[in-house]
Structures are given as C-alpha cells and as structure tokens.
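> Need coordinates for the below:
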Amino acid sequence: MPAADELTLFSYTVLGLVGSEGAGPHDLLRMARQGRVYDWAGESQYYVEPKRLAKLGYLEARKVPGRTRERTVYTLTDQGRDALTAWGETPAHFSPLKHEPLIRMLVADLVGEAATARSIGALRGDIADLLERLDTAEAAAASLPHREKYLLLAHGLVRRLLALHLEWVDEVEQALDAER
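Here you go, the predicted model:
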C-alpha cells in the first residue's frame, strides 16, 4: 500500500490524462473507458485520485458550469508538471501483468483444455472490439495536435499487442486441440 503522499502509476496516469487542457473526473473515466484497454483502475478511483492529487498540490480544482449542475475540472499545477517531468526522466519498467487470459491458461489443467480453448478463443470478439476502439482513437488523435504523435505511438503498441494476442489464440487452440 503506497503512502498517502506517494505518487503511483495511476497518479501519473491521472496527471497525464488531465494534461495541458484540464479534465474532470467524469472526463478521466470516459477517456479511460473509451480506449478500454487503458481502463485498469476501478471507476471510483477516477473520482478519488484527482481529489487526492489536488490536496497534495499536483492539481488545481475549479468549479465550472455543467449541463445540470456545477462540475469540478482539474488542471496541472507547476508541482504536477514538475512531478510528471521528473517521472518521465526515470527508466520505464515492465509492469506486472494483470492478464485474465494468462491466468486462464495457468489453470487449464484444473478446468479442462476444452473450456480453456473456448474461453481463450472468445478473445477474438473482444480483440475486434478493441481494434474498433483503436481505429476511433487514432482518428480522434488529430483533434489533439499537441499529443497526436504520442497517442499514435501508444495506440500502435496496443495494436501490436492485440495482433500478438490473436496469434496466441491460434496457438492455444491448435495446441489444446492437438492434445485431445
């Protein structure tokens, strides 16, 4: 459990999503869900973390009119920008994998190969959905010219990871079918 004033990977994610334009918690959640593959935190965290970061001085909160009531929009403070800059200078590390298909493969001997092959094969539909979302995200990147290059590079990595998963689905189905 991180210390109350410690910045986590999710903290940096929120700071990055707030970006130079600012964003409210609902905007943060929408951005994460839109890409879906980037949505790995619980919904409430997109509301809690910006408040925490504001209390720590990394974000500034302001009220703006909303459709039905006032909403909070956060912007980066100099401290928040400095924290992102300092973090950006540190070496990147491979994050631990929270990967459901991998866990399903690791329990195949307990649940059966046929069930595992079916569940892994179902990834094709999920991957098709994610690829459609990437198409949309890549098209939308042009609307953020100051971030377009970076968004396209990130989306390109996700696209290659999804292609690798499709290859793996074929490999799993072939291997598990061959064993029967």
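> V172 - how many residues pack around it?
The number of residues packed near V172 is 21, by other Cβ atoms under 10 Å. All C-beta atoms are positioned from the backbone trio N, CA, C, and that covers glycine.
> ok, the closest residue to it other than its chain neighbours - how many residues close by?
Of all residues not flanking V172 in the chain, I120 sits nearest, at 4.7 Å (Cβ to Cβ, 6 or more residues apart in numbering). I120 is flanked by 23 other residues according to other Cβ under 10 Å.
> Make sure I120 is actually in contact with E173.
Yes. Look at I120 against E173 with Cβ atoms under 8 Å: they come within range, at 7.0 Å.
> Checking V73 next. Helix, strand or coil?
Classification of V73 by DSSP: H, G, I helix; E, B strand; the rest coil places it in strand.
> measure it to Y58 for me?
Using Cβ to Cβ, to the nearest Å, we find V73 at a distance of 15 Å from Y58.
> Can you spell out which helices and strands pack onto the lowest-mean-pLDDT helix or strand in the chain?
In the chain, no helix or strand scores lower on mean pLDDT, DSSP states H and E than helix 25-35, which sits at a mean of 80. In this structure, helix 25-35 makes packing contacts with helix 9-18, helix 45-55, strand 71-76, helix 123-140, judged by 3 or more Cβ pairs under 8 Å, 6 or more residues apart in numbering; DSSP states H and E.
> now what about that helix, what contacts it?
For helix 25-35, the surrounding residues in contact (Cβ atoms under 8 Å, 6 or more residues apart in numbering) are 14, 17-18, 23, 38-39, 41, 43, 46-47, 50, 71-74, 133-134, 136-137, 158.
> now could you export just the CA positions of that helix as CSV?
This file holds the C-alpha atoms of helix 25-35, laid out as CSV (Å, rounded to 0.1, in the frame of the first residue of the first chain):
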residue,chain,number,x,y,z
PRO,A,25,-13.3,13.1,-13.1
HIS,A,26,-16.1,12.1,-15.5
ASP,A,27,-13.8,13.1,-18.4
LEU,A,28,-11.0,10.9,-17.0
LEU,A,29,-13.2,7.9,-16.7
ARG,A,30,-14.7,8.5,-20.2
MET,A,31,-11.2,8.7,-21.7
ALA,A,32,-10.1,5.5,-20.0
ARG,A,33,-13.2,3.6,-20.9
GLN,A,34,-13.2,4.9,-24.5
GLY,A,35,-9.9,3.1,-25.0
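> That concludes my questions; thank you for your assistance.
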